[in-house]
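Engineer: Okay, sequence plus prediction incoming.
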Amino acid sequence: MQSWKIGILLFDQVEVLDFAGPYEVFGLAAYDRYQPNEHFLFNVTTISESGSPIVTRNNLKVTPDYSLATAPAYDLIVIPGGPGVRQALSNQTLINWIRERSGDTPWITSVCTGSLLLAQAGLLDGKKATTHFDSIEWMRTHFPAIDVIEDVKYVDEDRIVTSGGVASGIHMSLHMMDRLAGRNIAEDVSRVMEFETDFDAYAC
């Protein structure tokens with residue numbers, strides 16, 4: 001059965017739901033959910049710059065699975081946002097890793113202001129993208145080569161998918177699950193989470 005490796009980048013002062021929402025979505029996807037031999041479709045792991053624990057917004061402590069240097073190859077990477085993006089934008093090691101990984105990772109996604117890190121890495125030039133509504137104008141001013149879209153849950157540019165603020169990352173992750181594993185799997189996860197979504201109404 002097909003399965004995918006999902007990597008979620010973490011950094012100090014990351015927004016909790018930005019990474020925990022996608023983690024939950026991908027982690028719940030399974031064939032034969034109610035059978036003893038259920039098969040999970042996605043293997044989800046986390047990464048931080050050094051591999052050391054990070055402290056999220058509101059002081060949740062999280063221990064990543066990998067450092068940037070030890071992270072395996074992934075099928076899809078999630079770049080979350082949060083207050084820590086301000087400092088991460090000037091972290092050249094982090095930006096270089098995102099840029100380098102974009103070359104051999106089939107899908108790169110972002111949640112909230114995580115799209116600013118993709119922008120800083122030059123991955124959104126000439127593309128449509130979105131971000132948290134409070135950062136729309138900042139993104140337009142600082143990255144004029146991007147066609148910034150507002151009032152959508154996510155923007156799908158094929159290999160790169162950006163989403164709006166916080167809970168929009170759940171919509172984006174369900175959308176990617178729909179693309180990768182099919183509508184039936186995505187609808188099953190949406191039902192289990194009791195998270196209502198319209199798969200055909202939120203995209204750009």
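Structural biologist: Perfect, thanks for sending it.

Engineer: Quick check, residue 8 in contact with residue 45.
Structural biologist: Yes - look at residue 8 against residue 45 with C-beta atoms under 8 Å: they come within range, at 7.4 Å. C-beta here means a position set from N, CA and C on the backbone, and glycine is covered the same way.

Engineer: And the two? Which one has more around it.
Structural biologist: More crowded of residue 8 and residue 45, by other C-beta atoms under 10 Å: residue 8, with 25 against 15.

Engineer: Let's verify the closest residue to the more buried one other than its chain neighbours: helix, strand, or coil?
Structural biologist: If the residues on either side of it in the chain are set aside, residue 8 comes closest to residue 78, at 4.5 Å by C-beta to C-beta, 6 or more residues apart in numbering. Under DSSP: H, G, I helix; E, B strand; the rest coil, residue 78 falls in the strand class.

Engineer: my guess is residue 78 contacts residue 9, does it?
Structural biologist: Yes - shown here, residue 78 and residue 9 form a contact pair, counting by C-beta under 8 Å, at 6.9 Å.

Engineer: can you map out the strands along the chain?
Structural biologist: For the chain, the strands defined by DSSP state E occupy 4-9, 30-31, 39-40, 42-48, 54-55, 61-62, 66-67, 76-79, 107-110, 128-129, 147-148, 154-157, 160-163.

Engineer: same question for the third one, mean pLDDT?
Structural biologist: So the one you mean is strand 39-40. Taken as a whole, strand 39-40 has an average pLDDT of 79.

Engineer: Adjacent strands (with direction) for that strand?
Structural biologist: strand 30-31 (antiparallel) (DSSP bridges).

Engineer: Please apply the same query to the last one.
Structural biologist: Within its sheet, and counting by DSSP bridges, strand 160-163 is paired with strand 107-110 (parallel), strand 154-157 (antiparallel).

Engineer: Please work out which of those strands is packed deepest.
Structural biologist: strand 107-110 (a mean of 25; mean count of other C-beta atoms under 10 Å).
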